[in-house]
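Participant: A predicted structure for the sequence below; I have some questions about it.
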Amino acid sequence: MATKIRLQRHGKKGRPFYYIVVADARSPRDGKFIERLGSYNPNTNPATIDLNFDKAVDWVSTGATPTDTAKAILSYKGVLYKNHLNGGVTKGALTQEQAEAKFTAWLESKDGKIQSKKDGLLSKKDADKKAALEAETKKKEAMAAALEAKNAPVIEEEPVTETEEEEVTAEAEVKEEPTAEVEVATEEVAEVPATEAEVTTEKVVEEPAADAEEKTPTAE
């Protein structure tokens with residue numbers, strides 16, 4: 001009888017989990033199975049895998065064919081590598097002690113990678129939580145500032161009295177007086193040279209005319 005190692009679906013819609021089972025190759029996916037080897041939950045990060053390691057190795061060594069997803073899970077847990085080392089021991093390429101040492105080293109390396117991933121996910125979660133708290137704090141501070149500005153009392157300007165208006169008008173008049181004096185002084189200075197020049201010109205022009213009148217009777 002041909003057997004397969006496959007996943008059998010369970011759980012709610014949108015949140016499935018799976019049983020890892022050994023079943024007849026002719027039976028439907030979610031039908032009867034021969035033996036249950038473990039479970040697989042992809043809803044966690046990293047995914048949670050619970051597997052009976054020794055039984056899985058026995059079924060793989062007796063010819064059970066895993067589906068693609070089941071094969072990835074078995075490889076992740078080291079079932080396929082263990083079966084490979086057992087084949088080397090059977091053929092005499094390795095001793096049992098050497099095979100166990102190789103598999104132990106592989107497990108330590110794998111556990112280190114898994115732990116590193118978990119630590120990275122945990123630190124990322126803490127960083128995201130811290131960023132969310134900072135954003136929430138800034139939002140609350142902005143809301144408090146806006147509320148304080150809204151509730152702040154309005155300062156009304158005092159009305160200007162008639163006495164203050166008269167004082168302002170008087171100051172404006174006092175400031176304008178020096179400007180008028182400067183303009184008058186400028187006009188007087190500009191007019192004086194023009195008057196003297198006109199007088200001088202009239203005298204120079206009139207003198208030759210008088211001499212001509214006096215000389216005319218003498219010629220007769």
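Facilitator: Good, I have the coordinates. Residues are numbered from 1 along each chain as shown.

Participant: At which residues are the strands of this structure located?
Facilitator: For the chain, the strands defined by DSSP state E cover 3-12, 15-24, 35-41, 48-51, 65-66.

Participant: Give me the contact list for stretch 110-124.
Facilitator: For stretch 110-124, the external contacting residues (C-beta atoms under 8 Å, 6 or more residues apart in numbering) are Asn45, Pro46, Gly78. All C-beta atoms are positioned from the backbone trio N, CA, C, and that covers glycine.

Participant: circling back: mean neighbour count, mean pLDDT and distance to Lys113 for the strands of the chain - can I get that in CSV?
Facilitator: Below are the strands of the chain laid out as CSV (neighbours: other C-beta atoms under 10 Å; pLDDT from 0 to 100; distance: least, C-beta to C-beta, whole Å):
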stretch, mean neighbour count, mean pLDDT, distance to Lys113
strand 3-12, 16, 92, 24
strand 15-24, 18, 93, 22
strand 35-41, 17, 94, 19
strand 48-51, 15, 92, 14
strand 65-66, 18, 93, 22
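
Participant: of all those, which lies closest to Asp126?
Facilitator: Smallest distance to Asp126 across these (C-beta to C-beta): 21.3 Å, for strand 48-51.

Participant: Could you list the single helix or strand in this structure with the lowest mean pLDDT?
Facilitator: For the chain, counting by mean pLDDT, DSSP states H and E, helix 162-219 ranks last in confidence among helices and strands (a mean of 49).
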